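Participant: Output the structure for:
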Amino acid sequence: FFFKCHRVGNRIYPVNAISFHPHWHTFATGGADGSVSIWDGNAKKRIRHYPRYAKRSFSTSSPSLLRSSLQLICGLLALFLRHETSVSSLAFHPKGDLLAVSVSYTFEEGDKAHPEDKVLLKPVTDGDVQPRIRKS
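Facilitator: So this is what the prediction gives:
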């Protein structure tokens, strides 16, 4: 099926990444609009939408193990914060309780200055990713 899943107003953005949840068989899409959506493909419905994330998100490029660990903890405790670029890749952890989101400029607006690439971790619960019960 076809759907316009990443749009802001009348502007439609490309989907850059897709990842299927290992238990619920729902899927996440990440787009050039910088957002992530969780979908129930069977019902053809969006379950959850996470808008762009924040500048205070962590980066995995830290040289210090302690600093990286603290950044990871902060990233796990924070819900999606705002960022200023596209979602270039994403993947669910095999246990299904984390969603790794890579944010990186994908040159949708040509060659220009852009924010640093980052990998963000989003804790997810079953309520975030399981299909909704259909009303009869």
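
Participant: Tell me the helix or strand right after the helix or strand bottoming out on mean pLDDT in the chain.
Facilitator: None of the helices or strands of the chain scores lower by mean pLDDT, DSSP states H and E than helix 65-77, at a mean of 52. Tracing the chain C-terminally past helix 65-77 and defining elements by DSSP states H and E, one meets strand 87-92 next.

Participant: quick one: strands adjacent to that next one?
Facilitator: Paired strands of strand 87-92, with direction, are strand 98-103 (antiparallel) (DSSP bridges).

Participant: Could you export stretch 24-43 as CSV, keeping only the C-alpha atoms?
Facilitator: C-alpha atoms of stretch 24-43 as CSV (Å, rounded to 0.1, in the frame of the first residue of the first chain):
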residue,chain,number,x,y,z
TRP,A,24,4.7,-7.0,17.3
HIS,A,25,5.4,-6.9,13.5
THR,A,26,4.6,-3.2,13.4
PHE,A,27,7.2,-1.0,11.9
ALA,A,28,8.9,2.4,12.3
THR,A,29,9.7,4.8,9.5
GLY,A,30,12.2,7.7,9.7
GLY,A,31,12.0,10.6,7.2
ALA,A,32,13.7,13.6,5.8
ASP,A,33,11.3,15.7,7.9
GLY,A,34,13.3,14.5,11.0
SER,A,35,10.4,12.5,12.5
VAL,A,36,9.8,8.9,13.4
SER,A,37,6.4,7.2,13.0
ILE,A,38,5.3,3.8,14.3
TRP,A,39,2.8,2.0,12.0
ASP,A,40,0.4,-0.9,12.1
GLY,A,41,0.8,-2.2,8.5
ASN,A,42,-2.2,-4.5,8.7
ALA,A,43,-4.6,-1.8,9.9
